[in-house]
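Participant: My questions are about this predicted structure, shown below with the sequence.
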Amino acid sequence: MYIIRKRRRKEFTTTQIIAGGFMISMILGMVLLMLPVSSAQGCFTNPADALFTATSAVCVTGLTTVSTAGYWSVFGQCVILVLIQIGGLGVVTFTTIILMAAAKRITLKERLLIKDAYNLNSLNGLVKLTKKILKGTFIVELIGAALYAFVFVKDYGIKGIFYSVFNSVSAFCNAGMDIIGDTSLMKYNTNTLVNTVTMILIILGGLGFPVWWDIIKGFRKKKKFSAKKMWHSYELHTKIVLSVTAILIFGGAALIMFIEYNNPDTIGNLTFFGKIRASMFQSVTTRTAGFYTVPQENFTDASAFVSLILMFIGGSPSGTAGGIKTVTVAMIILTVIAIINNRQDTEVFKRSISDQNVRKGIAVLIIDAGVLLVSMGALCITQNKDFLDTLYETVSALATVGLTRGITQTLDTVGKIIIILTMYIGRIGPISLALFFNTNKTGNAVRHYPEEDIRVG
């Protein structure tokens with residue numbers, strides 16, 4: 001008698017599928033960008049540079065080892081544009097869109113993927129949410145492109161249409177890559193329209209899609225506009241996101257303007273309104289966008305320090321931005337305040353935040369800081385660069401920002417690989433990376449050891 005045992009098919013977790021999806025997108029992008037048709041000179045591209053560019057696009061970072069405007073052909077730039085859109089929407093959302101277009105049924109597995117991809121708490125209405133995300137994204141990007149066209153078509157003719165579309169997608173997805181030139185938006189430092197449109201697109205992408213729907217829902221519910229009533233109708237998540245975002249943008253701009261006010265290499269020679277505009281742009285773009293109107297290496301160490309903090313925090317959950325997220329920082333600060341005031345719960349806006357959320361936020365902060373230390377140490381050991389410039393590069397990569405103080409294109413192959421890995425970890429999230437290797441599906445959540453006090457502080 002023979003007993004035949006069927007091997008159980010290995011099932012991947014949603015986290016592994018999402019992380020693997022980004023990896024596959026990066027590799028496919030690398031292969032396409034290596035082809036001669038992708039380069040302006042019609043030659044094969046170094047695999048390290050092709051992978052770096054593909055990773056930067058999919059991870060919506062913006063760091064580049066070769067000029068996006070000068071090195072790549074129109075085909076190569078279109079590949080980069082598609083990779084940015086995939087990275088901004090998310091591989092899972094993009095896959096779901098393809099399934100819907102092919103009239104395929106969205107199974108429970110795909111619904112779980114969408115739920116995890118956008119860090120949601122419910123499976124209700126996920127397909128409808130995906131459609132809303134797609135529709136909202138394309139409407140915002142189309143409006144952004146139309147507004148850009150008023151300037152770019154005038155300056156570049158018919159090419160300006162492609163420049164407008166590319167910039168709009170890149171800004172909304174917080175990628176920071178552009179094909180205007182090698183100096184980002186410095187040429188438009190004094191152009192209010194370009195600055196304003198770029199900042200709005202960055203902020204909208206960084207707020208997160210759930211915040212969009214909560215705000216829209218608030219407008220639809222209220223027949224008579226009342227800011228106070230509308231604010232009370234928002235979910236706690238939305239209130240925290242909007243509050244922290246406003247504090248970081250305006251607080252960061254005020255600090256940068258105060259520090260750089262008389263610096264002739266940055267904003268010192270601009271008009272008063274120009275200083276406000278440039279400071280505001282710097283504060284917004286450090287929220288993981290990567291565009292710049294002032295060379296980053298010209299900022300003083302104090303302003304660079306402010307920018308590092310803003311980059312590390314980043315945008316908000318379930319959006320196109322990176323960083324440890326606004327909500328994470330808010331939870332940790334509120335928890336510290338609760339401990340100082342001898343309160344048991346983490347409270348804000350007359351609501352308590354669950355201990356599970358607080359623990360996850362602390363884990364995100366610690367793991368992100370750990371990845372930063374490892375990446376920074378590896379770059380310091382392998383690259384002979386200025387310490388501040390290296391730190392700036394590492395934080396920019398981990399938070400998927402894309403700002404640099406001029407060392408990206410001077411990295412050797414080892415340095416490029418370090419930054420590639422850092423960008424990838426930053427995009428999928430350190431927690432997701434840890435869960436990627438966790439094959440224990442049942443876990444030890446129900447296990448409890450006896451409690452014992454330890455001395456803290």
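Facilitator: Received, thanks.
Participant: Can you spell out which helices and strands pack onto the biggest helix by length in the chain?
Facilitator: Using DSSP state H, we find that the single longest helix of the chain is helix 126-156. When contacts are defined as 3 or more CB pairs under 8 Å, 6 or more residues apart in numbering; DSSP states H and E, helix 126-156 sits against helix 74-89, helix 91-101, helix 108-117, helix 159-172, helix 192-207, helix 209-221. C-beta: built from backbone N, CA, C; applies to glycine.
Participant: Show me how far that helix is from its chain's centre.
Facilitator: In terms of CA atoms, centre = their mean, to the nearest Å, the centre of helix 126-156 is found 18 Å from the chain centre.
Participant: before we move on, the earlier item: the helices and strands packed on helix 126-156: which one's closest to residue 279?
Facilitator: Residue 279 lies closest, by CB to CB, to one member of the helices and strands packed on helix 126-156: helix 192-207, at 11.1 Å.
Participant: now the angle from that closest one to helix 74-89?
Facilitator: Put simply, helix 192-207 runs at 50 degrees to helix 74-89, going by axes from the mean of the first three to the mean of the last three CA atoms, to 10 degrees.
Participant: avg pLDDT for helix 192-207?
Facilitator: Taken as a whole, helix 192-207 has a mean pLDDT of 94.
Participant: for stretch 353-365, same thing?
Facilitator: Stretch 353-365 comes out at a mean pLDDT of 88.
Participant: what residues does it touch?
Facilitator: Residues from elsewhere that reach stretch 353-365 (CB atoms under 8 Å, 6 or more residues apart in numbering): 236, 324-325, 327-328, 331-332, 334-335, 345-347, 429-431.
Participant: Can you tell me which of these has the most neighbours?
Facilitator: residue 325 (28 neighbours; other CB atoms under 10 Å).
Participant: Chain neighbours aside, what residue packs nearest to residue 344?
Facilitator: Nearest residue to residue 344 in three dimensions, chain neighbours excluded: residue 338, at 7.5 Å (CB to CB, 6 or more residues apart in numbering).
Participant: Can you show me the strands along this structure?
Facilitator: 346-348, 351-353 (DSSP state E).
Participant: In CSV: these, plus distance to residue 454.
Facilitator: Output for these, formatted as CSV (distance: least, CB to CB, whole Å):
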stretch, distance to residue 454
strand 346-348, 21
strand 351-353, 24
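Participant: Just give the number of residues close to residue 128.
Facilitator: Using other CB under 10 Å, residue 128 has 9 neighbouring residues.
Participant: Can you check the pLDDT for the residue nearest the centre of the chain?
Facilitator: For the chain, the residue nearest the mean C-alpha position is residue 321 (2.4 Å; CA atoms, centre = their mean). With respect to pLDDT, residue 321 has a value of 83.
Participant: With adjacent residues omitted, what lies nearest to it?
Facilitator: Using CB to CB, 6+ apart, the nearest residue to residue 321 is residue 315, at 2.3 Å.
Participant: tally of neighbours for that neighbour?
Facilitator: Residue 315 has 27 nearby residues by other CB under 10 Å.
Participant: what do you get for residue 182?
Facilitator: 13.
Participant: May I ask you to confirm that it is in contact with residue 66?
Facilitator: No. Applying CB atoms under 8 Å, one finds residue 182 not in contact with residue 66, separated by 10.1 Å.
Participant: got the CA positions of stretch 174-181 in PDB?
Facilitator: This file holds the C-alpha atoms of stretch 174-181, laid out as PDB (Å, rounded to 0.1, in the frame of the first residue of the first chain):
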ATOM      1  CA  ASN A 174       6.100  62.400  -5.100                       C
ATOM      2  CA  ALA A 175       8.800  61.100  -7.500                       C
ATOM      3  CA  GLY A 176      10.700  64.300  -8.100                       C
ATOM      4  CA  MET A 177      12.100  63.200 -11.500                       C
ATOM      5  CA  ASP A 178      11.700  65.700 -14.400                       C
ATOM      6  CA  ILE A 179      12.900  66.000 -18.100                       C
ATOM      7  CA  ILE A 180      13.200  69.800 -18.200                       C
ATOM      8  CA  GLY A 181      16.900  69.800 -17.400                       C
END
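Participant: Many thanks, have a good one.
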